[in-house]
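K.L.:
Got a predicted structure plus its sequence, pasted below:
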Amino acid sequence: MTLPPKPRAREEGRVSLWRYTRLFRQDILSAQPARLYRAWMAEFRTPFFRSYLCNQPDLVDLVLKQRPDDFPKSDRIREGLAPLLGNSVFVTNGETWKRQRRIIDPSFEGGRLRDTFPAMLAAGQGAVARLQGKADGEPIEIEAEASHAAADVIFRTLFSIPIEDEVASAVFHKFREHQRAQPVLNLGALVPLPRWFPRFHRRGARRTAKEIRALITRLTAHRMTEIKAARAPDDLATKIMTTADPLTGERFDTEEMVDQVAIFFLAGHETSASALAWALYLLALYPEWQDRVATEVLAEIGQEAPDFSDIARLRQTRDVFRETLRLYPPVPMMVRETTCPERLRDRDVPPRAQIVLSPWHQHRHERLWDKPDAFDPERFDTPDGREALRCAYMPFSAGQRVCPGAGFAMIEGVLLLALLVRAYRFDIVPDRPAMPVAHLTVRGRDGIWLRVTPRGRAV
Ligand code: HEM
């Protein structure tokens, strides 16, 4: 049986820091040796830093759930991302971070998700309509379509504006330019190289970051005016900007909200787009699963527009999306830093060492998953699969810093997949196979190409 694409690991043995950095810059995934798919913990020593990749579920639990305050994000992450994200919740630590989460989290709770559903649905219907003109069986690059759809979801749910809006569309296009200028956004953040080491903060990336922030400031300042005049739409931006911290009573001011909007846009659209594109690719690779999804969607919602409660009944579609997040976790690695001496698996770990948690390796770990590289959405119905889901599945991270958009993303992903597969058939392009590469998120090295035709018509 064909396995879904996986990059070849680098050969075992020592490599120089220069070579590692070069490999790393090309792609974080293939820069790593194959033993990481079997190891519980691996240590990397360089003259400048020590880094420990932890796969053992107990260790991951310790870092993310039991003592998260002792394993913060490093300041370098903030430095690396500051031009675009300022002091957003993604990069802060300690009391600032806690206050930001107290204000943000209520907007993503269950009841609010129901309220955002119509905006998500409109974005999904927009994606189906956009593909109509391209569904002629000629190869199309599906990541671009998925990015467009996911950006539309974010703008509609956050600011009640479609992606066609002038400012929304400008942010979206500037963002693409930003990625081209700085393809591996957090390289500098992931590897704490000494200050003299060449960085990849290109000048172009600084400029685009500034332009994106200026556009977001326009949206946010306008919304603040609408809130003050009591005529703001009831969407996520209004909810977040009017929520007071239950402990201090403080609200976000415009500037702090700009930082949060920047991360919602970045974290919320890049990740969802990556997951949707890989899900469609996997369904093209396994057409029997594509038929199962199409059949389920027709049985549960027919040709109607689904409502919020329909999504919970799309169980096979959800399992396909879950399995996609296992095989291609959009955020392949996360980094924390030790603040005091630690002893992990009988090794002394000094303060300021890097702790790397890798959904990519944990999700394909040979000792944690049965047939880890196979595509099998039914695995979640088996006792082993359920156990692995509980202790070795973290596409959204875990613990107090878990992704606040996890519930949102699971509804969005299932909804968009259901609408697209109901309308179209997706087939692979044999001479353009996809290969994952970790840029900002896990992407296709040369894009993800598929042939799209209206469902029911053969290619
Ligand atoms: C499939 C989609 C998504 C995936 C796989 C995903 C994954 C993740 C992961 C792994 C983290 C933790 C990163 C770390 O600790 O270094 C994270 C954080 C975050 N995500 Fe998501 N995410 C998704 C969608 C979203 C959406 C839709 C939003 C918002 C609309 C969002 C907002 C955030 C924010 C604000 C954080 C920072 C949280 C903090 O540090 O406290 N994400 N996400």
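P.N.:
Nice, thanks for sending it over.

K.L.:
Of all residues in the stretch 101-250 of the chain, which one is closest to the ligand?
P.N.:
residue 101 (5.6 Å; CB to the nearest ligand atom). Where you see a C-beta, it was placed from the backbone N, CA and C, and this is true even at glycine.

K.L.:
how many other residues sit next to that residue?
P.N.:
Neighbourhood size, residue 101 [other CB atoms under 10 Å]: 17.

K.L.:
In the stretch 51-200 of the chain, what residue spans correspond to strands?
P.N.:
For the stretch 51-200 of the chain, the strands defined by DSSP state E, counting those that start in this stretch occupy 139-141.

K.L.:
Test my guess that the residue of the stretch 101-250 of the chain closest to the ligand contacts residue 89.
P.N.:
Yes. The pair residue 101 / residue 89 is scored as a contact, 6.3 Å apart, by CB atoms under 8 Å.

K.L.:
anything in contact with each of those two?
P.N.:
residue 404 (CB atoms under 8 Å, 6 or more residues apart in numbering).

K.L.:
What sits closest to residue 427 if chain neighbours are left out?
P.N.:
Sequence neighbours aside, residue 451 is the residue nearest to residue 427 in space, at 4.5 Å (criterion: CB to CB, 6 or more residues apart in numbering).

K.L.:
What's opposite the one you found in the beta bridge?
P.N.:
On the basis of DSSP bridges, residue 451 takes part in beta bridges with residue 139, residue 427.

K.L.:
I'd like the numbering to begin with 38 instead of 1 from here.
P.N.:
With 38 as the first residue, the last one maps to residue 488.

K.L.:
Which helix or which strand is home to the closest residue to residue 123 other than its chain neighbours?
P.N.:
Using CB to CB, 6+ apart and skipping residues adjacent in sequence, the residue nearest residue 123 is residue 296, 3.8 Å away. Here residue 296 sits within helix 291-322, counting by DSSP states H and E.

K.L.:
so, in contact with the ligand or not, that helix?
P.N.:
Yes. Part of helix 291-322 sits near the ligand under the criterion CB under 6 Å from any ligand atom, namely 300-301, 304-305, 308-309, 312.

K.L.:
Report the buried residues of that helix.
P.N.:
Buried residues in helix 291-322, counted by 16 or more other CB atoms under 10 Å: 293-322.

K.L.:
next one: stretch 377-389
P.N.:
Those would be 379, 381, 386, for stretch 377-389 by 16+ other CB under 10 Å.

K.L.:
Spatially nearest residue to the first one, not counting backbone neighbours?
P.N.:
Using CB to CB, 6+ apart and skipping residues adjacent in sequence, the residue nearest residue 379 is residue 386, 4.4 Å away.

K.L.:
residues touching the one you found, list them.
P.N.:
Residues counted as contacts of residue 386 (CB under 8 Å, 6+ apart) are 87, 89, 375, 378-380, 392.
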